[in-house]
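> Let's see this in three dimensions:
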Amino acid sequence: IECVTRFSVLPHHARYNMKNETLQVVSKEDMAASIIEVVPAEQKAPETQDCSELQLATEDHGYSIRSATSADHTYSIEVQYENKGTQVNLSAKQSKETQTDPWESPAVLPCTSAAPAIMKDPAPVAMKQVPVPAAVEMPACEDFATEQVAPSYRPTSQPFLEADLSFERPGMCSSPIPEEPADTTYEASWDESFLSNSTSTAPLHEEPKYIVFESCLLQLLRPCVMCQAPCKVTIVPDGTLVRATAVCQSEHSRTWLSQPLINNVPACNLLLSGAMLFTGSCSAKVLRLLRLINIQAFSESTYFNHQAAFLQPAIERVWNREQQSLLQARQGKTVRLAGDGRYDSPGYSAKFMTYTFMEMETNKILHYVQVQLGESPEVKSSNAMELHGCAKGLTFFKEENVTVEALVTDRHLGIKGHMRSKEPQTRHYFDAWHIAKGISKKMLKASKYARCEVLAYWAQPASNHLYWCAANCEEDGKLLVEMWKSINNHALDKHTGHGGVYDRCVHDTLVGDREWLSLGTPAHKRFVSITMQKVLLRDLEHVSPAGHTYNLESYHSMLIRFAPKSVAFTGPIMHARTRLAALHHNENSGRVQAVTRKGQPKFKRRMQRGKMGTDRLKEVKTPPTYAYVGQLLSEAAACCNESSLREALGNRPRDRAPLPMAAHYPRLPKEQLVEQRMSRYSRGTAGSS
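Sure thing, here's the model as predicted:
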């Protein structure tokens, strides 16, 4: 039977193999290895002046060690096995050659010859004699929780001292424990120092995690840490958690968990649920992906329980802190806001509408209002939801002592009337982007009529002219209208005599051929009918001179990542996903344009969907950041620590949400519907036969 005895020393390791009769000394400082030369039993160890003996407290083996030092940096060890009546004298010498791999086991050597050197060792240094403690007691076995692992780094070299040598059985502690507190010879071993530094103090979501195959896990857990006998390993999964129990033939038992617990909730289960929600992912797709490659995960019902108990409260807390920080910085001040509504589904059958307020100077989301169809008598249709959300948002800013100086919206008729009658102190502007987009659409539609194809060319110039008028009218609505009307003469290649305040075009002499219109043609008549609409001219007086809502439209496009319009969500989940989108937008609202290695601004080409074959350049922004996700995961762990899953689900606030839209209509029992379907099918089958 092969018997391996390990000598654990500071700063060296020694491993003795009785079968091969070799002893390897490995330095912990430089990972150097030396081979102990085996001396026949009839020979005596060299006599030295400095010698100490250590009798180990192990009755089952009954061996003792005599260790000595010599001036030529040679170590001599005498091991006596009392219960076997044998004696082996070992003489250790440091090598002077180089070992290629410090972790590689030395070659098997004959017991009658000196072992070949396997690595180069530094020159001998002066020995500092340190007394070895007398008989010490060691624990009978090693705690599984403090199992030692090989380090992934190589410390610096340090000379091997005789006084640092101590003997250790497999399963014993790595260093002797002093009997008295006054014993100054005790130092923490290299293994203990490594274990103490291995405990991570970083948050759980920042700690690295790995995917482990079951075969590799069994290979690691099968040997018993107490007697090295093979164990029977039982693995019980709990979502992503693995609970392994190993029992050997000697009935040594240990239990190992693959991850920590947060108030009895597996940490990775909670973190994975949070990562799915905080990134706007679909839980069904992520869990199906894991099942396809047989990675253990929890069920979808567990995800929904985590979402309701811990994740939604975490999102609410983080968003409330973010919003309060923004509002406190603006209390007692005036702000210029852009507002727009976003429906949860395309068409006119929306259930939820989110009205968002964005500060135009900073592009920060300050507030949003979620409106559900039928939540109040004023919200009887989808069209009324936008007005209700805008009015509630303006009331919120008054309660927070934030003065809204100007509000930029689209040309919603209900909002126009509300701002004129209820909010006269707030200047109400119309977004130029919405108006310009409407004019371009009308031009393109009119170009499909006979002899009006040229209007497709004038769609973009008309849009550009509106932006130029809004930027140069000096907030004078009357002047803006006069400047806008000049496009009718400009399209006829007439650039003077417009009449009114704006009498002539201010552009330079035009060069090149243009698709000019002819007076009295169908194309010109339709062009004038679009540019001279009474409603358009009235609204042009209130076009925003500077602020626009295209940043808000970009936010709505990004919101689709968190709350797709093709998926129906409940009210609380819609709130949570909208807050996630707002947190992501606020963190990345200040991104600048990226540059190349040479310092040139980055652009990318983009094909316009509405204009076949037309390219335009788009700025490339710096990559987005996701620091808010770390805050959300930490807050979710804090929520999990505060209460158990059952308590958190029971303490959820029960808001009085409006009834579902299906509740307003009578519904037949499901059994009756099945019976009707089967009877129709039976009648159809009988008729066909």
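> Excluding covalently adjacent residues, which one is nearest to Leu617?
Ranked by C-beta to C-beta, 6 or more residues apart in numbering and with sequence neighbours excluded, the top spatial neighbour of Leu617 is Phe603, at 4.5 Å. For the C-beta atoms, the positions are set from N, CA and C on the backbone; glycine is no exception.
> Help me confirm that the one you found comes into contact with Asp615.
No: using C-beta atoms under 8 Å, Phe603 is not in contact with Asp615; the gap is 11.0 Å.
> neighbour count winner among these two?
Phe603 (14 against 10; other C-beta atoms under 10 Å).
> Who does the more buried one form a beta bridge with?
Phe603 forms beta bridges with Glu619, as assigned by DSSP bridges.
> still on that earlier bit, so what's the residue nearest to Leu617 up against?
Leu617, Lys618, Glu619, Val620 (C-beta atoms under 8 Å, 6 or more residues apart in numbering).
> His306: which of those residues is nearest?
His306 lies nearest to Val620 out of these, by C-beta to C-beta, at 36.8 Å.
> phi, psi of the closest residue to that closest one other than its chain neighbours?
Residue nearest to Val620 in three dimensions, not counting chain neighbours: Lys602, with 3.8 Å by C-beta to C-beta, 6+ apart. In terms of degrees, to the nearest 10, the main-chain angles of Lys602 are phi -90, psi 140.
> How about Trp319?
Torsion angles at Trp319 (phi, psi; degrees, to the nearest 10) stand at phi -70, psi -40.
> correct me, but it touches Arg577?
No: counting by C-beta under 8 Å, Arg577 is not a contact partner of Trp319; they are 11.3 Å apart.
> Listing partners with orientation, what would you give for the single longest strand found in the chain?
Using DSSP state E, we find that the single longest strand of the chain is strand 334-343. Here strand 334-343 is paired, per DSSP bridges, with strand 352-359 (antiparallel), strand 403-409 (parallel).
> Tell me which of those sits most buried.
Counting by mean count of other C-beta atoms under 10 Å, strand 352-359 has the highest mean neighbour count of those, with a mean of 24.
> next SSE after that strand?
strand 365-372 (DSSP states H and E).
> and that following strand, what's its mean pLDDT?
Average pLDDT, strand 365-372: 95.
> related to what we said a few turns ago, can you count the residues close to the residue nearest to Val620?
Neighbours around Lys602, by other C-beta under 10 Å: 13.
> With the one 3 residues further on instead?
Number of residues near Arg605 (other C-beta under 10 Å) recorded here: 8.
> Next up, phi/psi of it, please.
Dihedral angles (degrees, to the nearest 10) for Arg605: phi -80, psi 140.
> need the contact list for it.
Counted by C-beta under 8 Å, 6+ apart, Arg605 has contacts Asp615, Arg616, Leu617, Lys618.
> Assess the claim that the third one and Arg606 are in contact.
Same thing as Leu617. Yes: at 7.5 Å, Leu617 counts as touching Arg606 under the criterion of C-beta under 8 Å.
> Stretch 391-410 spans what distance, first to last residue?
This stretch, stretch 391-410, spans 15 Å end to end (C-alpha to C-alpha, to the nearest Å).
> can you give me the helices in the stretch 251-400 of the chain?
267-278, 283-292, 300-306, 312-328, 382-399 (DSSP state H, counting those that start in this stretch).
> closest one to Glu475 among the ones you listed?
Nearest to Glu475, of these and by C-beta to C-beta, is helix 382-399 at 22.1 Å.
> And that closest one, what does it pack against?
strand 334-343, strand 352-359, strand 365-372, strand 403-409, helix 413-421 (3 or more C-beta pairs under 8 Å, 6 or more residues apart in numbering; DSSP states H and E).
> can you give me the mean pLDDT across that helix?
For helix 382-399, the per-residue pLDDT averages 93.
> For the remainder of this discussion, apply numbering that starts at 162.
Got it, the first residue is 162 from now on, which makes the last one we talked about helix 543-560.
> In that helix, which residues are buried?
Using 16 or more other C-beta atoms under 10 Å as the test for burial, helix 543-560 gives 543, 545-552, 554-555, 557-558.
> What of stretch 685-702?
So stretch 685-702, judged by 16+ other C-beta under 10 Å, has buried residues His685, Arg687, Phe688, Val689, Ile691, Thr692, Leu697, Asp700, Leu701.
> do stretch 707-723 as well
Neighbour-count burial for stretch 707-723 flags Gly708, His709, Thr710, Leu713, Glu714, Tyr716, His717, Leu720, Phe723 (criterion: 16+ other C-beta under 10 Å).
> Then stretch 401-420?
For stretch 401-420, by 16+ other C-beta under 10 Å, it's Thr401, Leu402, Val403, Ala405, Ala407, Cys409, His413, Arg415, Trp417, Ser419, Gln420.
> From the residues you listed, which land in strands?
Those of those lying in strands (DSSP E): Leu402, Val403, Ala405, Ala407, Cys409, Arg415, Trp417.
> from those residues, which is closest to Asn524?
Leu402 (42.2 Å).
> measure that closest one to Leu451 for me?
Separation of Leu402 from Leu451 (C-beta to C-beta, to the nearest Å): 14 Å.
> and if you look at Ile596?
49 Å.
> for the record, mean pLDDT for stretch 683-697?
Per-residue scores along stretch 683-697 average to 94.
> And for stretch 797-805?
94.
> quick revisit: and the contacts of Arg766, which is closest to Asn424?
Lys779 (47.5 Å).
> which SS class is the residue nearest to the closest one when sequence neighbours are not counted?
Spatial nearest neighbour of Lys779, excluding adjacent residues (C-beta to C-beta, 6+ apart): Arg767 at 4.8 Å. Judged by DSSP: H, G, I helix; E, B strand; the rest coil, the three-state class of Arg767 is strand.
> ok so, going back, can I get the buried residues of stretch 401-420 in JSON lines with distance to Ser486 and pLDDT?
Converted to JSON lines, the buried residues of stretch 401-420 look like this (distance: C-beta to C-beta, whole Å; pLDDT from 0 to 100):
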{"residue": "Thr401", "distance to Ser486": "34", "pLDDT": "95"}
{"residue": "Leu402", "distance to Ser486": "37", "pLDDT": "95"}
{"residue": "Val403", "distance to Ser486": "41", "pLDDT": "95"}
{"residue": "Ala405", "distance to Ser486": "45", "pLDDT": "95"}
{"residue": "Ala407", "distance to Ser486": "51", "pLDDT": "95"}
{"residue": "Cys409", "distance to Ser486": "57", "pLDDT": "94"}
{"residue": "His413", "distance to Ser486": "56", "pLDDT": "92"}
{"residue": "Arg415", "distance to Ser486": "49", "pLDDT": "92"}
{"residue": "Trp417", "distance to Ser486": "44", "pLDDT": "94"}
{"residue": "Ser419", "distance to Ser486": "38", "pLDDT": "94"}
{"residue": "Gln420", "distance to Ser486": "34", "pLDDT": "94"}
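> In JSON lines, list the residues you listed along with distance to His579.
Listed next are these as JSON lines, based on distance: C-beta to C-beta, whole Å:
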{"residue": "Thr401", "distance to His579": "51"}
{"residue": "Leu402", "distance to His579": "54"}
{"residue": "Val403", "distance to His579": "59"}
{"residue": "Ala405", "distance to His579": "65"}
{"residue": "Ala407", "distance to His579": "71"}
{"residue": "Cys409", "distance to His579": "78"}
{"residue": "His413", "distance to His579": "77"}
{"residue": "Arg415", "distance to His579": "70"}
{"residue": "Trp417", "distance to His579": "64"}
{"residue": "Ser419", "distance to His579": "58"}
{"residue": "Gln420", "distance to His579": "54"}
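> now, which of the residues you listed sits nearest Lys831?
Thr401 (36.9 Å).
> Next, the contact list for that closest one, please.
Per C-beta under 8 Å, 6+ apart, neighbours of Thr401: Ser419, Gln420, Pro427, Cys429, Asn430, Leu433, Gln457, Ala458, Phe459.
> can you check Arg612 too?
Thr682, Pro683, Ala684.
> and the last one, that's in a helix?
Yes: in this structure, Ala684 lies within a helix as judged by three-state DSSP.
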